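1. just a sequence and a predicted model for now, questions to come.
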Amino acid sequence: MNCKYFIAIIPPEPVFSASEKVKLEISEKYNNKSALRSPAHITLHMPFEMKEQKEGHLIEKISTFKFSSPFNIHLQNYSCFEPKVIFIDVIKNETLNELQKQLVLHVKSNLNIFNQYEDRRAYHPHLTIAFRDLKKTDFYLANEEYKNKTFSGRFNVNSFFLLKHTGKIWLRHKEFPFTA
């Protein structure tokens, strides 16, 4: 059986709860549930499928990834990708970009997973609060509302997570601390 996975940074408290609260507010107001199916996160490697019996190998190979530089992330206000995605923006961060680039290369070379959009679009880290099932008319209403609101959060990053899909929602499956 194939399972779905992806790799992401999950903010610690209190940033996690603050971003989850925003996701819930927009979900209730605009009848958007997709963003609630995963914990608040910043994607490092987009979702991919793998046979469940290869999960041990997947975890073993990801465990060999080395990134020894803890760093800070600053979330600031809201932005969007028209016409479906509203997100909390991540202030430009070269260390985050380097982590993402190195991790994608590691996954590609050690696990032969080639689904990342390396050549077609640049990495734009963000924390999604609404997407996919947000109707186009609701997108414009929500975007108008949130583009003038403020959000600010800062946190230290010293690990990332492998998330696994249950068939209904994404759950934290394994944490990988940075190692030298």
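-> Yep, that arrived. Residues are numbered from 1 along each chain as shown.
2. okay, CA-based contacts and neighbour counts for the rest of this
-> OK.
3. what's the pLDDT at Ser69?
-> pLDDT for Ser69: 85.
4. so Phe81 bridges to which residues?
-> For Phe81, the beta-bridge partners are Val85 (DSSP bridges).
5. can you give me the neighbour number for it?
-> 11 (other Cα atoms under 10 Å).
6. again with Ile113
-> Neighbour tally, Ile113, other Cα under 10 Å: 15.
7. work out for me the element it sits within.
-> Ile113 belongs to no helix or strand when assigned by DSSP states H and E.
8. could you measure from Asn31 over to Pro39?
-> Counting by Cα to Cα, to the nearest Å, the separation of Asn31 from Pro39 is 18 Å.
9. oh, that last question was meant for Tyr5, not what I typed.
-> Distance from Tyr5 to Pro39, by Cα to Cα: 13 Å.
10. ok, now Phe139?
-> From Phe139 to Pro39 the distance is 21 Å (Cα to Cα).
11. show me the strands in this structure, by range?
-> 2-9, 42-51, 71-81, 85-90, 126-130, 152-157, 159-165, 170-177 (DSSP state E).
12. the last one: which residues count as buried?
-> In other words, strand 170-177. Neighbour-count burial for strand 170-177 flags Trp170, Leu171, Arg172, Glu175, Phe176, Pro177 (criterion: 16 or more other Cα atoms under 10 Å).
13. stretch 2-20 too?
-> Under 16+ other Cα under 10 Å, the buried positions of stretch 2-20 are 3-11, 15-16, 19-20.
14. just stretch 149-156 next, same as before
-> Result for stretch 149-156 [16+ other Cα under 10 Å]: buried residues Gly153, Phe155.
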